[in-house]
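Chemist: sequence first, then the predicted structure:
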Amino acid sequence: MNGIKWRKLCTKTIWTAYLAFITIVLWMIFFILFTHSFFKGVTLQFPPEGLTFENYTQIASAFYPALRISLLLGVATSVFDALLAVPASYVLTRYEFKGKDVINTILLGPTMVPAISLALGFLALYPHLKLMDTFWGLLFALSIVTMPYMLRSVMSAFNELDPALEEAALTLGCGRVKSFFLITLPLIGPGILAGFMLSFIIAFNEFTMIIFIYGPKWLPASVWLWNMLHMYGITPGFAAGVAVMQLISFGVLALVIGVLGRRYLRGVSF
Amino acid sequence: MISKRKRNKWLTLMIPLLPALVFYAVFLVYPIVVLIFHSLQVGDAGQIGLDNYLETFAKASFRRTLLHTMLVAGAATILDLFLGYPLAYYLARKQTWFADFLQASLLIPLYGGLYVAFAFMLILLPNGFLNSMLLWLGVIQQPLSLLYTRPTLIAAFAIYGLPFMVYPLRAAIQGIDPAYEEAARTLGANGWNVLSKILLPMSSIGVIGGVLLTFGWSVAIFSIPLILSFKGAPFLSLDIYFSTRYGIRWSYAATLSVILFFITFGLSYLYMVIIKPARTSTS
């Protein structure tokens, strides 16, 4: 009996240690950058000479325009994704028709194409479309990368919705369009919000797609930070910039999960 | 008459799909087609041929880059399989707040490949966190130069690839009825037997999927090698980027991109379109 007890304790300890290790590895990415952003001095040595908030105020004036562009692009990309994904998901989950599997596969296509290849394709394409260094150019590039996450979130919301609710509205004399806006849309709202969150976070932090097609007029924060690293090396101001990006991402993540509950993370599945 | 009505219905269904399909045609299919066209173009006269590919594969430097990229990605994939399997099991079986927290945390490497590289840089700098701690503890006398080494690259790749391993595995393990495990345990099987005789065979689809996706994505990562790579550690994605910097060498960059595209697309397609639907429909 004692042996079994001891063994159970052992298993539990190993599990706890393992889970702690995974948690530390995943969160270290944030905490290291966050703590270093308060370090005093020009170089980031550990232990620091002192702690200060100055790093944030120092980069604020230069970083803010880039951050604003990233925020704008993140929101605009999610809205654009939702506008295309909601009608498409509705048809794909409600009806059976010829070619449905093919369309489904095509719509998940961006998760099968490496960003670096697609980015080079955009570099070849954009000068001809006059989309280089424009808002719409960046928006389209970010949208194609984030669209599958929006689609999967919305489609899983549609799949869970009982079609009977809609049929009841139709039987009671509600038109198709009206029933969509009054019944269906509010019920899949949480799915759209979850897709919104994923699209926003990925678009906000995207780097590979942007570095090929950005310009001086539309310079998003991720590329701004890379340029700063490239020019000045690793500095506390740089760490502060990254920390701001991460805090915004976590804020959105925590807010949406807090509002919706945990089951809405299903947009990320492969 | 019936076929006409059927066709009309089909056309009506296409209307909501049309904006998305047009968008995909212009911004997903077209760029790839343009790249493939560039990679097949020979000379300025507009001839078409496989010369660029033959030329690229004939170069020793390219073969070394390809091999190195695949070795680092492969090592990271194997590391991810061992790191990710218990995590996937935990996420599939436990419904605690901590499981939800971990699942949300897995999004961090998914969107932040760039930040993974930054964090590694800060930790491993000669006067950074790890070296200072080790010096202070007296484990080492001289700072270790860990930053630009291959194990660091593999570790960073592994953190980036972890979600691509865990999500397919979790889905596969969720599909296994816990009753099988309980029955085996009641009949006296130990943990190792449950894992090797029940869990692994029944989640093999997830293992295959995880390995294919993780490898396919790791091969093409750009942000991590851009920051953590060093002389003697060439990567295909870096070659693509740097051949666009100072006067674009289109045929070379396009050829590399198409090769990378076919590796990632082939492996993902194999799992998502061929293996996964076939297996889930028969079981």
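Modeler: Everything's here; your move. Numbers count the residues shown, from 1 in each chain, chains lettered A, B, ... in the order given.
Chemist: what does the stretch 51-200 of chain A put close to chain B?
Modeler: A:83-85, A:87-88, A:90-92, A:95, A:97-98, A:103, A:105-118, A:120-125, A:140-141, A:143-144, A:147, A:198 (Cβ under 8 Å from any Cβ of the partner chain). Heads up, the C-betas are built off the backbone N, CA and C, glycines and all.
Chemist: among these, name the ones in helices.
Modeler: Counting by DSSP state H, those place A:83-85, A:87-88, A:90-92, A:103, A:105-107, A:115-118, A:120-125, A:140-141, A:143-144, A:147, A:198 in helices.
Chemist: would you pull up the residue in chain A closest to chain B?
Modeler: Chain B sits closest to residue A:121 of chain A, with a gap of 2.7 Å, by Cβ to the nearest Cβ.
Chemist: now that residue: how far from residue A:199?
Modeler: 21 Å (Cβ to Cβ, to the nearest Å).
Chemist: mind listing the strands for the stretch 51-200 of chain A?
Modeler: Here the stretch 51-200 of chain A has no strands by DSSP state E, counting those that start in this stretch.
Chemist: find the residue at the geometric middle of chain B.
Modeler: Nearest to the geometric centre of chain B sits residue B:217, at 2.1 Å (Cα atoms, centre = their mean).
Chemist: name all residues that make contact with it.
Modeler: By Cβ atoms under 8 Å, 6 or more residues apart in numbering or on different chains, residue B:217 lies in contact with A:114, B:160-161, B:164, B:264.
Chemist: buried set for the helix or strand hosting it?
Modeler: Assignment of secondary structure by DSSP states H and E places residue B:217 within helix B:204-219. By neighbour count on 16 or more other Cβ atoms under 10 Å in any protein chain shown, the buried set for helix B:204-219 is B:205-219.
Chemist: show me which pair in the contacts of residue B:217 is furthest apart.
Modeler: B:160 and B:264 (13.9 Å; Cβ to Cβ).
Chemist: quick check, pLDDT for the closest residue to residue A:111 other than its chain neighbours.
Modeler: Sequence neighbours aside, residue A:148 is the residue nearest to residue A:111 in space, at 4.8 Å (criterion: Cβ to Cβ, 6 or more residues apart in numbering or on different chains). Here, the pLDDT recorded for residue A:148 equals 90.
Chemist: so what's residue A:148 up against?
Modeler: A:107-111.
Chemist: out of these, who's nearest residue A:135?
Modeler: Closest to residue A:135, out of all of the contacts of residue A:148 and judged by Cβ to Cβ, is residue A:110, at 20.4 Å.
Chemist: where does the stretch 151-270 of chain A dip in pLDDT?
Modeler: Along the stretch 151-270 of chain A, segments meeting pLDDT under 70 span A:261-270.
Chemist: count of neighbours near the nearest residue to residue A:125 once chain neighbours are set aside?
Modeler: Distances taken as Cβ to Cβ, 6+ apart put residue B:31 closest to residue A:125, at 5.2 Å, once the chain neighbours are dropped. The number of residues packed around residue B:31, counting by other Cβ atoms under 10 Å in any protein chain shown, is 24.
Chemist: again with residue A:233
Modeler: 12.
Chemist: for residue A:252, what are its contacts?
Modeler: A:197, A:200-201.
Chemist: kindly recompute the last result at 10 Å.
Modeler: For residue A:252, the residues meeting the contact criterion (Cβ atoms under 10 Å, 6 or more residues apart in numbering or on different chains) are A:74, A:196-198, A:200-201, A:204.
Chemist: one more: residue A:29?
Modeler: Shown in contact with residue A:29 (Cβ under 10 Å, 6+ apart): A:242, A:246, B:105, B:108-109, B:112, B:115-120, B:122-123, B:156, B:159.
Chemist: show me which pair in the residues you listed is furthest apart.
Modeler: Between any two of the contacts of residue A:29 (Cβ to Cβ), the greatest distance is 19.2 Å, for B:105 and B:122.
Chemist: more crowded one of the two?
Modeler: Per other Cβ under 10 Å, whichever of residue B:105 and residue B:122 has more neighbours is residue B:122, with 24 against 19.
Chemist: and that one, what pLDDT?
Modeler: 85.
Chemist: I'd say it and residue B:128 touch.
Modeler: Yes: using Cβ atoms under 10 Å, residue B:122 is in contact with residue B:128, at 5.8 Å.
Chemist: now the common contact residues for the two.
Modeler: A:32, A:36, A:44, A:46, A:234, B:147.
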